[in-house]
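K.L.:
Mind folding the following:
(chains A and B)
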Amino acid sequence: MDLLWQTAVNASYAASYMALIAVGLVMIFGVMGVINFAHGELYMVGAYCVVFLYAQESFPFLLAVAAGLVFVGMVGLVMERTMFRPLRDNPLAGLIASIGFLLILQTLAVFGFGRRMGHVPPSTQGKLEILGAVLTYQRLFVIVAAVLLLAALWTFLRRSKFGRALRACAQDAEAASLQGISMNQTARIAMFIGAALAGVAGALTAPLVSPTPYIGHSIIVTAFIIIIVGGVGSLEGAVIAAVLYAFVHTFVTTFFDGVIANIVGLALMLAVLVVRPTGLFGAKERA
Amino acid sequence: MPEPTGATPGPGTGRRIRRIAWQLRVVFLFAALAVLPYLLSYSQQEIAVLLVINVLLVSSYRLLTLTGEWSLGHVVIMGVGAYASALLTKRLGVPVPLSMLLGASMAAATAAILSFPLFRMKGFYFLIGSFAAGEIIRLIWKRFTDPFGGPKGLKRIDPFPDIDTGFLSIDFYEPVNYYFLALIVVSASLFVLYRIERSRIGLTFHAIHWQDRLAESVGVDTFRYRTLAFVIASFFAGIAGGLYAHYVGAVNPTRFSVDQMVYVLVWAIVGGTATFYGPILGVVVLTVINEIVLRALGLDTARPLIYGAILILSVLYLPNGLESLGPRLRTRWQRWRSGSAAGRREAA
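P.N.:
A predicted model of the protein is given here:
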């Protein structure tokens, strides 16, 4: 029973950062229609912001995280301007370009920090005990930050004018631009937010995962599974699928092993695709 | 500008000339390919062998894309051929050329089974679905040490048997000899792939790509044709896998990971998939740049970066691939010539 409860606590931590990553990926896809294959590398860049500012230059942890958020958001803006905007009508080309960008980011990380694992000391040693399960403050940070950021994003999308413009573009870009919504402006905002969410996830989890330049690979695989299960283009679906996937994956890892957990996750995604080819919460058909 | 007027050719003469010109070009190509390995260093010869195998891999991939579906599992299918052929020789003592054919059939059978879940999906969902299916196969290799060897994979796979007939003995451990073996197998496979594309079946693939609803309405079973394209493409990917396994002598799950698949996708896209030769052009040009030019410049660590930059630039500025470069340059040249001729006429 203790182990079950502890595993559930661990799973909620995994669900938090996975949700941040998947929601960012879905936002980029929703507005621009392009699958950002470099999304895992944006996470990696966020993690290296913390390696550099916090572990090497000893700035405060939260400052490093904030810097990571802003910096990765800017990287997203660069991607939007140089690749996704000129390739807007051609999703496959956008995908290929993002693969090219992924290789560039990986190589730059190798140049800057080497191939080996970056070591980031924990920012606090404290831990919380909830009904016998242990939750370190470091992990608690991730959960709290994910809840706050996703709640803020949700409010922004529902309440603000920008948010409504963004949702309009995601539903029907042509009709939205006929209403006077600037497609470029909307794409910029979506790309900044989407990239920044991946970056902040990387920054927050850097002390917990020991980043390498190649960490993005496993991240993007996980993110793909989540957005497919949730239904591509659905933000709520991505959050629910992240929780679902994190629980399944953490429990199978604890009671069997990591590789079996990956197989189960992929089989889960394949099963969802076979039964409902547009995901659990996806629209019926998207042009 | 006046056209040079020769003897008016009769009907059919032009076609014959074009055909002879085409045959000449093929003869020249094979002559060049036969001389090529003797101009290369030992390590470049090894790269040439892998390049020939990759040509088959990317060409078989193009057959699948004819129906409009882009798979991310093709390299894993190649791996099925490699693993199957290796295990057949290691465990059951099947002789090598036969094991390659059986391995390729195994790859085709895997594709036939996978088509049931996968062809319920289309487009982006197929892309991701094929990725998931391939990744599951790959993780099974990684997880089950018996018989797949786990993360380390299979080692000391039987090489292609030497030919020794007294006056002629060929040792396939030598890259040059294996190069010619691969060249023969791959050329034969490419010929079959080309004929399939030009057959009624190939035309149906095109029809499904551009007008799947219309094709269905005139009685084409799109599911069966998609499956057929997938199975044929997988068979030849399996042949490529067998050639790889018995040349390198070792296979492991990492060799068939999605990173490798990305390269195949990139070759096809950078080369262009509208023509048969587009993907081949892509793999040859990018391999030469990656393995020979960048290596010679001593830019080893920066290679992925430059590769990435080439990718981005080519999709931005050469959206129809390298195959469109020739016709584009030709029209520009013609426009320039007729433009300067018009200029001269105006001056006169």
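K.L.:
In contact with residue A:53, which residues?
P.N.:
A:59, A:63-64, A:67-68 (Cβ atoms under 8 Å, 6 or more residues apart in numbering or on different chains). Where you see a C-beta, it was placed from the backbone N, CA and C, and this is true even at glycine.
K.L.:
What of residue B:321?
P.N.:
The contact partners of residue B:321, by Cβ under 8 Å, 6+ apart, come to B:269-274, B:278, B:281-282, B:314.
K.L.:
My read is that residue B:63 contacts residue B:199, right?
P.N.:
No: under the criterion of Cβ atoms under 8 Å, residue B:63 makes no contact with residue B:199, lying 11.7 Å away.
K.L.:
still on that earlier bit, just the buried ones from the contacts of residue A:53?
P.N.:
Neighbour counting by 16 or more other Cβ atoms under 10 Å in any protein chain shown classes A:64, A:67-68 among the contacts of residue A:53 as buried.
K.L.:
What is the nearest of these to chain B?
P.N.:
Closest approach between these and chain B, by Cβ to the nearest Cβ: residue A:68, at 21.9 Å.
K.L.:
Next one: the residue in the stretch 151-300 of chain B positioned nearest to chain A relative to residue B:55, how far apart?
P.N.:
The nearest approach of the stretch 151-300 of chain B to chain A comes at residue B:269, 5.1 Å away (Cβ to the nearest Cβ). Taking Cβ to Cβ, to the nearest Å as the criterion, residue B:269 is separated from residue B:55 by 16 Å.
K.L.:
ditto for residue A:168
P.N.:
Distance of residue A:168 to residue B:55, computed by Cβ to Cβ: 47 Å.
K.L.:
what residues are up against the residue of the stretch 101-250 of chain A found nearest chain B?
P.N.:
Taking Cβ to the nearest Cβ as the measure, the stretch 101-250 of chain A has residue A:103 as its residue closest to chain B, at 3.3 Å. Residue A:103 sits next to B:304-305, B:307-308, B:311 when contact means Cβ under 8 Å, 6+ apart.
K.L.:
just to revisit the earlier point, want to try JSON lines for the contacts of residue A:53, with distance to chain B and pLDDT as columns?
P.N.:
As requested, those are exported to JSON lines (distance: Cβ to the nearest Cβ, whole Å; pLDDT from 0 to 100):
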{"residue": "A:59", "distance to chain B": "28", "pLDDT": "90"}
{"residue": "A:63", "distance to chain B": "30", "pLDDT": "92"}
{"residue": "A:64", "distance to chain B": "25", "pLDDT": "92"}
{"residue": "A:67", "distance to chain B": "24", "pLDDT": "94"}
{"residue": "A:68", "distance to chain B": "22", "pLDDT": "94"}
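K.L.:
which one of those residues sits closest to residue A:88?
P.N.:
Using Cβ to Cβ, residue A:68 comes nearest to residue A:88 of these, at 27.8 Å.
K.L.:
where's that closest one, which helix or strand?
P.N.:
Applying DSSP states H and E as the criterion places residue A:68 in helix A:61-79.
K.L.:
Mind exporting the C-alpha coordinates of that helix to CSV?
P.N.:
C-alpha atoms of helix A:61-79 as CSV (Å, rounded to 0.1, in the frame of the first residue of the first chain):
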residue,chain,number,x,y,z
PHE,A,61,17.6,28.8,-8.9
LEU,A,62,14.3,30.6,-9.5
LEU,A,63,16.1,33.3,-11.5
ALA,A,64,17.7,30.7,-13.7
VAL,A,65,14.3,29.0,-14.3
ALA,A,66,12.8,32.4,-15.3
ALA,A,67,15.7,33.1,-17.6
GLY,A,68,15.3,29.6,-19.1
LEU,A,69,11.6,30.3,-19.7
VAL,A,70,12.3,33.6,-21.5
PHE,A,71,15.3,32.4,-23.4
VAL,A,72,13.6,29.3,-24.8
GLY,A,73,10.6,31.4,-25.7
MET,A,74,12.9,33.6,-27.8
VAL,A,75,14.4,30.5,-29.4
GLY,A,76,10.8,29.7,-30.3
LEU,A,77,10.3,33.1,-31.9
VAL,A,78,13.4,32.5,-34.0
MET,A,79,12.0,29.2,-35.2
